[in-house]
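Asker: Build me a structure from this.
(one chain, ligands or ions: 1)
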Amino acid sequence: MSDAPSYGFDTLQIHAGARPDPATGARQTPIYQTTAYVFRDADHAAALFNLQEVGYIYSRLTNPTVAVLQERIATLEGGVGAVCCSSGHAAQIMALFPLMAPGRNVVVSTRLYGGTVTQMSQTIKRFGWSAKFVDFDDLGALEAAIDEDTRAVFCESVANPGGYITDLDAVSAVADKAGLPLIVDNTSATPYLCRPIEHGATLVVHSTTKYLTGNGTVTGGCIVDSGKFDWAASGKFPSLSEPEPAYHGLKFAETFGPLAFTFHGIAVGLRDLGMTMNPQGAHYTLMGIETLSLRMERHVANAVKVAKWLEQDERVDFVTYAGLESSPYYERVSRICPKGAGGLFTFALKGGYEACVKFVNALDIFSHVANLGDTRSLVIHSASTTHRQLTAEQQEAAGAGPNMVRISIGIEDADDLIADLDQALAKASA
Ligand SMILES: *Cc1c(COP(=O)(O)O)cnc(C)c1O
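Answerer: This is a model prediction of the structure:
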């Protein structure tokens, strides 16, 4: 498809980045199941290796199927480029990698996916990096946490495990003032519901494992660059602004301008970290993205119905869905994610931990899994599973206390979902 930013979302989710296969005319994007690509001649090979010409060398770095997906997600997010990788967690490391160095820190929201809390609080220490956890509703605390060694600010748009929406406009203003890039994990919202770049995000990361693929088949991740950050301005980001010894002293920011982060992600990130997405995985995600808007509309409509039903049920203590008028974040929905607050939320059972465990066991349609963003409805008791490694305070801060159940509402009949919840609640409170 020719570059036409005026096309609507529904058109772009099917066409952006794709064109009929030049060799065969195949209409659907082929799965280029190949590791390497034949060089035209030795000069062509040299130009590719010097980054003087863009092309395919080896599928750890680039692959034509993956490239279509990269362009598709970049377009839907309103970014200039994107790099796909093997998982959402890989995307987070790949986003931080060019920015960080031993002794540097990232300021992160307390409201994060459980695995991200562990990655940021524990694992990145092995690289000599650290994370400072802050309540992003307290903008003063956010500003105060930023110091000389801070290299990025990180949060989720609609935060896992649901019910919270980050005020991206306010947070990006703080990051801007400090001259730092804002990285937003947009997994739970998807670009259909929220476009973080329009609210000041520098980079958007995704677990494509979730709604973008949409049917629970493959893991994947993506980093989208807004192209708006000046990496050379402060001298704080030498990987992007200073000569790169492994490419004859090339400076990414100078040579690639707004595409510097994307080229660095491929030419250094994927080359040396090797967290590559495979073409089969990209194929499944491309299939999923074609129906993203249709699915998200249904996820939201079902979530609103189910959340309203749960909210009035006497066995339920409270429901944290930002799409409910009772939510303290209801105002942010119309501003940050105007098409809805997503399909993910938590609710508290009056019976506490024991009732949650019985409830999860009694459900029929809902599957008890550590996943979200599937066509089918999913449930998890976070405190005994995904958030098990966290301290009680971390669990509370993440909205995953012992009395909380998280549900990812699928696109089934809402009435069937409600009936299933009803019978399981009856068993849980018996
Ligand atoms: C699942 C998830 C991740 C991690 O993604 P993986 O693909 O499982 O590595 C990160 N952030 C959020 C919000 C997620 O839901």
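
Asker: can we go C-alpha only for contacts and neighbour counts from here?
Answerer: Will do.

Asker: Look up which residues are beta-bridged to the residue of the stretch 151-300 of the chain found nearest the ligand.
Answerer: Across the stretch 151-300 of the chain, the shortest distance to the ligand (C-alpha to the nearest ligand atom) belongs to S207, at 4.2 Å. S207 has these beta-bridge partners by DSSP bridges: G221.

Asker: distance of it from S130?
Answerer: Between S207 and S130 the computed distance is 22 Å (C-alpha to C-alpha, to the nearest Å).

Asker: next one: L203
Answerer: According to C-alpha to C-alpha, L203 stands 19 Å off from S130.

Asker: higher neighbour count, the two?
Answerer: Remark: of L203 and S130, L203 carries more neighbours, 26 against 23, as counted by other C-alpha atoms under 10 Å.

Asker: Quick check, pLDDT for the more buried one.
Answerer: Looking at L203, its pLDDT reads 98.

Asker: now it, which residues is it bridged with?
Answerer: Beta-bridge partners of L203, counted by DSSP bridges, are I183, D225.

Asker: got the contact list for it?
Answerer: Applying C-alpha atoms under 8 Å, 6 or more residues apart in numbering, we find L203 in contact with A95, P181, L182, I183, V184, I197, I223, V224, D225, S226.

Asker: what would the residues you listed look like in a markdown table with pLDDT, distance to the ligand and neighbour count?
Answerer: Below are the contacts of L203 laid out as a markdown table (pLDDT from 0 to 100; distance: C-alpha to the nearest ligand atom, whole Å; neighbours: other C-alpha atoms under 10 Å):
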| residue | pLDDT | distance to the ligand | neighbour count |
| --- | --- | --- | --- |
| A95 | 98 | 12 | 25 |
| P181 | 98 | 18 | 22 |
| L182 | 98 | 15 | 29 |
| I183 | 99 | 12 | 30 |
| V184 | 98 | 10 | 28 |
| I197 | 98 | 17 | 25 |
| I223 | 98 | 12 | 32 |
| V224 | 98 | 14 | 31 |
| D225 | 98 | 17 | 28 |
| S226 | 98 | 19 | 25 |
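
Asker: before we move on, the earlier item: shouldn't the residue of the stretch 151-300 of the chain closest to the ligand be in contact with S86?
Answerer: No: S207 is beyond contact range of S86, at 9.1 Å (criterion: C-alpha atoms under 8 Å).

Asker: shared neighbours of those two, which are they?
Answerer: Taking C-alpha under 8 Å, 6+ apart as the criterion, S207 and S86 both touch T219, G220, G221.

Asker: ok, and of those, which contact the ligand?
Answerer: Applying C-alpha under 6 Å from any ligand atom to the shared contacts of S207 and S86, one finds that T219, G220, G221 fall near the ligand.

Asker: mind listing what the last one touches?
Answerer: Put plainly, it is G221. Going by C-alpha under 8 Å, 6+ apart, G221 touches 84-91, 205-209, 277.

Asker: Please, where are all the helices along the stretch 301-430 of the chain?
Answerer: For the stretch 301-430 of the chain, applying DSSP state H, counting those that start in this stretch gives helices covering 330-336, 352-362, 392-397, 414-428.

Asker: closest to the ligand out of those?
Answerer: Closest of those to the ligand is helix 392-397, at 15.3 Å (criterion: C-alpha to the nearest ligand atom).

Asker: average model confidence for the closest one?
Answerer: 82.

Asker: about what we covered before: could you export the contacts of G221 as CSV, including neighbour count?
Answerer: CSV is the format used below for these (neighbours: other C-alpha atoms under 10 Å):
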residue, neighbour count
C84, 35
C85, 34
S86, 22
S87, 20
G88, 24
H89, 21
A90, 23
A91, 27
V205, 28
H206, 31
S207, 27
T208, 31
T209, 27
M277, 26
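
Asker: Farthest pair within those?
Answerer: The span of the contacts of G221, defined through C-alpha to C-alpha, is set by V205 and M277 at 14.4 Å.
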